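[1] Pasting a predicted model and its sequence here:
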Amino acid sequence: VQLAESGGGLVQAGGSMRLSCAASGRPFSNYASGWFRQAPGKEREFVAGISWDNRRTAYADSVKGRFTIFRDAAKTLVYLQMNNLKSEDTAVYYCAAGLPETVLMTTPEEIRYIGQGTQVTVSS
């Protein structure tokens, strides 16, 4: 599975941004999916996850109530809607697909496939 993110860029604090992730190679719909991020000098961290059947989602405490992960009806795209962005959200954001046994991704150890990343910069 090849994953490609889009939608990153520069936004002011308090603003909104939507990231998209498209998959090619194998059906994206068979995998639990998630978004991770990595800021300079920090380890990659979990942001949001969605189960393969769209029935469950999970969020890092730092983004709860502000970020929403969802898929399109055909399960070919995964989105991350980010509202009320803060400067501490600045990072490279990665789309990921989980290991075959993963129902809902919540840790980097569950990543099977990952995209190249897209930069999100929040100016204060």
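    Right, received. Where do you want to start?
[2] and whichever strand or helix holds V120, how far out from the chain's middle?
    For V120, the host element (DSSP states H and E) is strand 118-123. The chain centroid and the centroid of strand 118-123 are separated by 14 Å under CA atoms, centre = their mean, to the nearest Å.
[3] Does anything pack onto that strand? Which helices or strands?
    The helices and strands touching strand 118-123, judged by 3 or more CB pairs under 8 Å, 6 or more residues apart in numbering; DSSP states H and E, are strand 9-12, strand 17-24, strand 91-98. Using the backbone N, CA and C atoms, a C-beta is placed for each residue, glycine as well.
[4] Contact partners for Q12?
    Residues in contact with Q12, defined by CB atoms under 8 Å, 6 or more residues apart in numbering, are 85, 122-123.
[5] Go through the residues you listed and name the one nearest K42.
    Using CB to CB, V122 is the member of those that lies nearest K42, at 15.1 Å.
[6] That closest one against G9, yeah?
    No - taking contacts as CB atoms under 8 Å, V122 lies outside contact range of G9: 10.2 Å.
[7] of those two, who's got more company?
    With neighbours defined as other CB atoms under 10 Å, V122 and G9 compare such that V122 has more, 19 against 11.
[8] Y113 is nearest to which of the helices and strands packed on strand 118-123?
    strand 91-98 (4.3 Å).
[9] what lines up beside that closest one in the sheet?
    Its sheet considered, strand 91-98 pairs with strand 33-38 (antiparallel), strand 111-114 (antiparallel), strand 118-123 (antiparallel) by DSSP bridges.
[10] does the nearest residue to Q81 once chain neighbours are set aside belong to a helix or a strand, and which?
    Computed as CB to CB, 6 or more residues apart in numbering, the closest residue to Q81 that is not its neighbour in sequence is T68, at 4.4 Å. Element membership of T68, judged by DSSP H and E, is strand 67-71.
[11] Kind regards, and thank you for your time.
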